[in-house]
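Asker: Got a predicted structure plus its sequence, pasted below:
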Amino acid sequence: MLKHRALRVRNALVRECMAEFLGTFVLLLFGCAAAAQVKTSRETKGQFLSANMAFSVGVMSAMYLTKGITGAHLNPAVTLSFCALGQVRWGRLVPYCLSQLLGAYMASGLVYLVYYDAIMEFSGGVLTVYGPNETASIFATYPSEYMTLGRSFLDQVVGTGMLMLCILCLSEKRNTPAPSGLIPVIVAVIVLGISMSMSANCGAAINPARDLGPRLFTLTAGWGTEVFTCYNYWFWVPLVAPPVGGLIGTFMYELFIDWHLPDPGEPDGLSVLSTISDKTKQPSTTWDNESKVAHF
């Protein structure tokens, strides 16, 4: 124990950045590895849903891993939203985001090494963004060919907005909070739901680090500048739209839910439905005249 204490990092910010780095690394390792397996096997070893589920497992695993240190943001849009809520200091924003970005970059590199032979066999040794043998989408997200920039932006705003709207209530004690130990599982299910319902258009990045980190890796690993110039310079959409969506989802939660929740011990805050529910739980003293059995 004393040896462990001697190795403990003293600086709180450094500890938190280490956690965000490792958490995002785990998230991207699960997700991108699944995408590589599905694509390079030509869907003989998994399907589109496989990557969605793997990213969700990655979210859950990374949250259990790092939740006790930073709360497991794993996403610059989430960090920005918590800063806007005043739950995280603004001075943490840039260090957290850079740590998340680096974690995503390093995870992409490891996936590339693990699946190097499969990627080369699938692509014929030509690393491209377009065509039936493209492999860039293993790492970063790209839009469907029918998508416009404006519609792509809306897609990412809606997806990230739903993410923040649905996770902000999970630890709210004035509402119906989830058990703390189950929050990572619930967040993973929320991410899975978003991926299953909103990934056809643009891949459901909903996370700037998840997209930019792998995109930077593909730039340096041989795919070239096309990863940034393709689809009319689409790369900025998953970089800018998720933070906007996260702030919108956060504001919607505050406007429609948080501002209207009762203060602790405030009886007037009970809703009609919860009041009725409480009354139905109380035993009735009505007796059946014939059987003389109380109904509860």
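Answerer: Looks like it arrived, so ask away.

Asker: lowest-pLDDT helix or strand in this structure?
Answerer: helix 272-280 (a mean of 48; mean pLDDT, DSSP states H and E).

Asker: Can you identify the element that follows the helix ranked longest in the chain toward the C-terminus?
Answerer: Across the chain, the helix with the greatest residue count (assigned by DSSP state H) is helix 12-40. Counting by DSSP states H and E, the element after helix 12-40 in chain order, helix or strand, is helix 48-70.

Asker: mind listing what's buried in stretch 105-114?
Answerer: For stretch 105-114, burial by neighbour count (16 or more other CB atoms under 10 Å) applies to 105, 106, 107, 108, 109, 111, 112. In short, each C-beta sits where N, CA and C put it, glycine included.

Asker: outside of stretch 249-257, which residues touch it?
Answerer: Contacts of stretch 249-257 from elsewhere in the structure, counted by CB atoms under 8 Å, 6 or more residues apart in numbering, are 81, 84, 85, 160, 161, 162, 163, 164, 165, 168, 169, 175.

Asker: for the stretch 101-250 of the chain, what spans make up the helices?
Answerer: In the stretch 101-250 of the chain, helices defined by DSSP state H, counting those that start in this stretch lie at 116-123, 149-167, 183-198, 208-218, 226-233, 237-256, listed in chain order.

Asker: Residue 49 is nearest to which of the ones you listed?
Answerer: Across these, the minimum distance to residue 49, taken as CB to CB, is reached by helix 183-198, at 7.1 Å.

Asker: Mind exporting the C-alpha coordinates of that closest one to CSV?
Answerer: Taking only C-alpha atoms (Å, rounded to 0.1, in the frame of the first residue of the first chain), the coordinates of helix 183-198 have been written out as CSV:
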residue,chain,number,x,y,z
ILE,A,183,-25.5,4.5,-14.5
PRO,A,184,-22.8,3.2,-16.9
VAL,A,185,-25.1,0.5,-18.1
ILE,A,186,-28.0,2.9,-18.6
VAL,A,187,-25.7,5.4,-20.5
ALA,A,188,-24.5,2.5,-22.7
VAL,A,189,-28.1,1.6,-23.5
ILE,A,190,-28.8,5.3,-24.4
VAL,A,191,-25.8,5.4,-26.7
LEU,A,192,-26.9,2.1,-28.3
GLY,A,193,-30.3,3.6,-28.9
ILE,A,194,-28.9,6.7,-30.5
SER,A,195,-26.6,4.6,-32.6
MET,A,196,-29.3,2.2,-33.7
SER,A,197,-31.7,5.0,-34.6
MET,A,198,-29.5,7.9,-35.8
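
Asker: Which other helices and strands does it contact?
Answerer: Packed against helix 183-198 by the contact rule (3 or more CB pairs under 8 Å, 6 or more residues apart in numbering; DSSP states H and E) you find helix 48-70, helix 149-167.
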